[in-house]
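Trainee: Compute the structure for the input listed below.
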Amino acid sequence: MDLGEILRILRNRWYIVVPMLALAVGLGLGTYVLVPNTYTTYTMVSLLAAPTTSKAAAVDTGQDNPFLNFNGSLVATADFLGRRLQSSDTVLQLKAAGITEEYTVALAENAQGPFLTITLTGGATKEHVLASANQLVKVADTTLTEIQKQNNVAEKDRITLIQVIPPQKPETESKEKLKLVIVAGGGTAALAFVLTFVVESIARARRRKRLGGEEVTTAAGAAAAGPDIEGTMVLQLPPKPKAAVAPVAPPQRPLPPKDEPIADAEKTQRLRLPSRPVGSPPQDNRKQPGQGAPQQRSGGAPRTGAATTYQSNGGDRRGQDAGRVNGS
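Mentor: Numbering: from 1, shown residues only. Alright, predicted model coming up:
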């Protein structure tokens, strides 16, 4: 099936294609309008060493600054906190608290310290996404403190949490929305094409079946046809015999007329023999007017020098005497 036939089928079944395409466009627009937009934002927090640790480091360096003391133990603590925030119990508690957006907590890429990136996706409005991000930062700080309290860590030895990057302006996330639009509109359009070719296939099958039944009826050659729907009797007449054509005689060669025999050029040969040399007859032997035939010599040779002609016909070449002159 080539492109031309596909277009012809779509044109013939326009009463299926056009309504289905209109429905596909309507579903696509309706999905785009009804499905709410989703937004995404992120924030970053960091862990700081305990005051006692900073003071112990200040004895050696002379600087009591917690931002100068990012050791490996803080990175392990940050990873522990991120896994705790993504546990099932914490997710349920946050949903009960009003944080309905999906979020992920992970160590910052290419970071050499205890930095956690918190990403939120969803929300009906941008304001709600920003509020959920700030609330999630507070929950992370509270969770870190509770973990240390449960392990009887003194307050002076507790690790603290600080917000490095505040929640950024939410951006519209159109990827998921476009997926729904494509599924609604594109799926309906594909269904239209499939339905069109299914209907065309069924119609062709019925047409072939009907034509096959007509061929069987014609081959049977029923003499008495059944009544038509309107009551008309249809009679099938035998075909008319073809008129006999007289055979054409092959062309014959015309025969020559009987009174004028004509020698065949292919079978007749004429031979003309030269006359025999004879001497001049004496004057007294020449034919005189009123006298008979000239006398012959003792050897039987004629006195005159006339020529003799012989004729040979076809396969018989025995040299029959066609014409004699002077009695020879």
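Trainee: Please name every helix or strand in contact with the host helix or strand of residue 83.
Mentor: Element membership of residue 83, judged by DSSP states H and E, is helix 72-85. Using 3 or more Cβ pairs under 8 Å, 6 or more residues apart in numbering; DSSP states H and E, the elements in contact with helix 72-85 are strand 38-48, strand 102-107, strand 115-122, helix 126-150. Heads up, the C-betas are built off the backbone N, CA and C, glycines and all.
Trainee: can you state the direction angle for it and strand 38-48?
Mentor: On the basis of axes from the mean of the first three to the mean of the last three Cα atoms, to 10 degrees, helix 72-85 is oriented at 140 degrees to strand 38-48.
Trainee: if I've got this straight, residue 202 is in a helix?
Mentor: Yes. For residue 202, which was evaluated using DSSP: H, G, I helix; E, B strand; the rest coil, the result is membership in a helix.
Trainee: What is the burial count for it?
Mentor: The local packing of residue 202 (other Cβ atoms under 10 Å) involves 10 other residues.
Trainee: ok, now how distant is it from residue 88?
Mentor: Between residue 202 and residue 88 the computed distance is 53 Å (Cβ to Cβ, to the nearest Å).
Trainee: same question, residue 104
Mentor: 14 Å.
Trainee: who's more crowded, these two?
Mentor: Regarding residue 104 and residue 88, a neighbour count based on other Cβ under 10 Å identifies residue 104 as having more, with 13 against 7.
Trainee: Just give the nearest non-adjacent residue to the more buried one, would you?
Mentor: Nearest-residue entry for residue 104: residue 119, 5.0 Å, with adjacent residues in sequence omitted and distances by Cβ to Cβ, 6 or more residues apart in numbering.
Trainee: how about the helices in this structure?
Mentor: Using DSSP state H, the helices of the chain run over residues 3-12, 14-34, 51-61, 72-85, 88-96, 126-150, 175-181, 187-220.
Trainee: Could I get the average pLDDT for the longest one?
Mentor: In this model, helix 187-220 has an average pLDDT of 81.
Trainee: closest to residue 159 out of the helices of the chain?
Mentor: Distances from residue 159 to each of the helices of the chain were compared using Cβ to Cβ; the shortest belongs to helix 72-85, at 5.8 Å.
Trainee: between that closest one and strand 115-122, how many degrees?
Mentor: Between the axes of helix 72-85 and strand 115-122, defined by the same axes, to 10 degrees, the angle is 20 degrees.
Trainee: OK, contacts around residue 99?
Mentor: With Cβ atoms under 8 Å, 6 or more residues apart in numbering as the criterion, the residues that contact residue 99 are 132, 135-136, 139.
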